[in-house]
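**Student:** Give me a 3D structure for the following:
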Amino acid sequence: MSEKVKATAHIAQISENYFFDCEKKTLFTTVGSISLNRAEKGVLYKLIIEAPNMVSKKELLSAGWVRKEVAETSLFQTIRTLRIKLKEKEVGQVIELVPRLGYQIKIQRFVSNEELCGITDIPKPVRKKTYLHNKRYLITGLIIAAFGVLAALLYTNWPTEYKYKLINDNKNNTIIFLSMKQDDFDYLLQANELFFKPANLDNKLMFIHKLDDEFSIAICTKTPDGCDIDTAHAISFKHSELSTLWELLDKYLPQVPPLAAMNVLKDNTTMQSGVKSYNIFLEDGYFTTNLSHHFVNQVDDSTWLFTSINYRPNSDQSEYIAASFRGGRAIMESESKMPFLITVTNYPEYFYWVLSSADKAKLGIKPPGPLETLTNDFYVDVEQYISYLLYRQPHLQLWLSEGYGFHWFIKEGSNDNVFNRFILGDKCSKLSIVFENKPACP
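**Tutor:** Down below sits the predicted model:
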């Protein structure tokens, strides 16, 4: 049996600088705290209190997703994120996979609050110091502490700084590569010719995002006035789909109705505060279109409450049926870094499935695949996520959301509504996008 956490020694020292408080379920370093979502807290806590024993995947799923059934892919994603946050230099250094069974964590020991102070305190000097010398030490210590607090705040709250590059080619294509990780960004640039520029691609605006094994592409056809709304598509897929992506898209996209024509309500009721958005999942050679209707209510100059209804197509994609809804709060940041027009921090508050598994089967609704499941679980598990506005024109906007990838948003009808006030701005893009020899924005 593993040693259980004692009341006086409830803090696990995972490595020299990383600690986990089992009472508060918080991960922190000698510099500051590290944000964990609900699933990460539950999984890490279970691994630590059972250390050094192995914990089965079933037990970890129960610990991370209480009273909720999720696929194993959700656990894989959570373990991967924990490894990143714990700064594993190689896979298995801290969290080790036991093939086909589960995982176990390597920790150094459990310590009490008093012992923790002894670990993190700077030793006091032995020889006597003058008042001036001690004062100098005090000031220096305060400055270091202030920088430490500031660094911790920036680490946990400041939006990720994205790498990006815009490329124009001789076929009037504009391609923008984006990633929050340098390795993924380097891969996109190296694989540009091989994967993302087929011979029949011309007169297109295309955004390409990569995060680990997942890709998201937003694409539209250029016109003198901007993007052709009827050609605006966003596709999410795994690395394994790259080789067949363009061939499959050429056959599939002509069958997808324009976003403006996708009716999310049977009577096609126009809601002044509502917008439509969608993206396409490509999994195992099959596509699934996800359509959502979003409604917002402005609370103050920078805060909105939102509710979103997600619709899934039936077997022949002739009808979109409400499958789930979610809601929360969105806060616009006071400034946004290149290449984004606007940065918004979203705080999810609820998520519910409307249809049961039996209902989905009866209505001919295809169950979500692993990648789409990860997206749904992401919304349930995180305490906050960030969305970025990349491009806008009348009635059409392109957003990139962490954990979701790209989504096109469309609003037709009156411009005098809450959503349009949410994205006020003079610029169409901070990027130098050109439409038929004219810049995207005057």
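**Student:** residue ranges of the strands in the stretch 1-150 of the chain, please?
**Tutor:** Taking DSSP state E, counting those that start in this stretch as the test, the strands found in the stretch 1-150 of the chain are 11-13, 18-21, 26-29, 33-34, 55-56, 95-98, 102-105, 109-111.
**Student:** Ok, the stretch 201-350 of the chain next?
**Tutor:** Under DSSP E, counting those that start in this stretch, the stretch 201-350 of the chain gives strands at 204-211, 214-223, 226-227, 233-238, 274-283, 286-298, 303-313, 320-332, 342-353.
**Student:** residues making contact with the last one?
**Tutor:** Judged by C-beta atoms under 8 Å, 6 or more residues apart in numbering, the contacts made with strand 342-353 from elsewhere in the structure are 159, 306, 323-333, 335-337, 376, 379-380, 382-389, 401, 423, 425. Every residue, glycine included, has its C-beta placed from N, CA and C.
**Student:** now the shortest one
**Tutor:** Residues outside strand 226-227 that contact it (C-beta under 8 Å, 6+ apart) are 205, 220, 221, 391, 393, 396, 428, 435, 440.
**Student:** With residue 281 as the reference, measure out to the fourth one.
**Tutor:** Counting by C-beta to C-beta, to the nearest Å, the separation of residue 391 from residue 281 is 22 Å.
**Student:** Of these two, which one has the most company?
**Tutor:** residue 391 (29 against 22; other C-beta atoms under 10 Å).
**Student:** so which helix or strand takes in the more buried one?
**Tutor:** Using DSSP states H and E, residue 391 sits within strand 385-393.
**Student:** hmm, who's touching the following helix or strand past that strand?
**Tutor:** Note on strand 385-393: by DSSP H and E, the next helix or strand toward the C-terminus is strand 396-401. Strand 396-401 is contacted by residues 178, 207, 209, 216, 218, 226-227, 229, 232, 234, 277, 340, 346, 385-392, 406-410, 423 when judged by C-beta under 8 Å, 6+ apart.
**Student:** Return a ChimeraX selection command for the buried portion of those residues.
**Tutor:** Command for ChimeraX that selects the buried part of the contacts of strand 396-401, burial taken from 16 or more other C-beta atoms under 10 Å:
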select :178,207,209,216,218,226,227,229,232,234,277,340,346,385,386,387,388,389,390,391,392,406,407,408,409,410,423
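**Student:** still on that earlier bit, looking at the strands of the stretch 201-350 of the chain, which is closest to residue 64?
**Tutor:** Checking those against residue 64 by C-beta to C-beta gives strand 342-353 as the closest, at 15.5 Å.
**Student:** Sort out which residues of that closest one are buried, please.
**Tutor:** Buried-residue list, strand 342-353, by 16+ other C-beta under 10 Å: 342, 343, 344, 346, 348, 351.
**Student:** on that earlier part again, could the strands of the stretch 1-150 of the chain go into a markdown table alongside mean neighbour count?
**Tutor:** As requested, the strands of the stretch 1-150 of the chain are exported to a markdown table (neighbours: other C-beta atoms under 10 Å):
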| stretch | mean neighbour count |
| --- | --- |
| strand 11-13 | 21 |
| strand 18-21 | 21 |
| strand 26-29 | 18 |
| strand 33-34 | 17 |
| strand 55-56 | 18 |
| strand 95-98 | 16 |
| strand 102-105 | 21 |
| strand 109-111 | 17 |
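**Student:** Let me have those strands in a markdown table, extended by distance to residue 302.
**Tutor:** Compiled in a markdown table, the strands of the stretch 1-150 of the chain are given as follows (distance: least, C-beta to C-beta, whole Å):
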| stretch | distance to residue 302 |
| --- | --- |
| strand 11-13 | 37 |
| strand 18-21 | 33 |
| strand 26-29 | 28 |
| strand 33-34 | 25 |
| strand 55-56 | 42 |
| strand 95-98 | 38 |
| strand 102-105 | 40 |
| strand 109-111 | 42 |
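**Student:** Show me the least confident stretch of those, going by mean pLDDT.
**Tutor:** The minimum mean pLDDT among those belongs to strand 33-34 (a mean of 84).
**Student:** shaky segments in the stretch 151-300 of the chain?
**Tutor:** 151-160, 192-199, 257-273 (pLDDT under 70).
**Student:** switch the cut-off to 90
**Tutor:** 151-162, 167-173, 180-184, 187-203, 211-214, 224-226, 229-230, 237-300 (pLDDT under 90).
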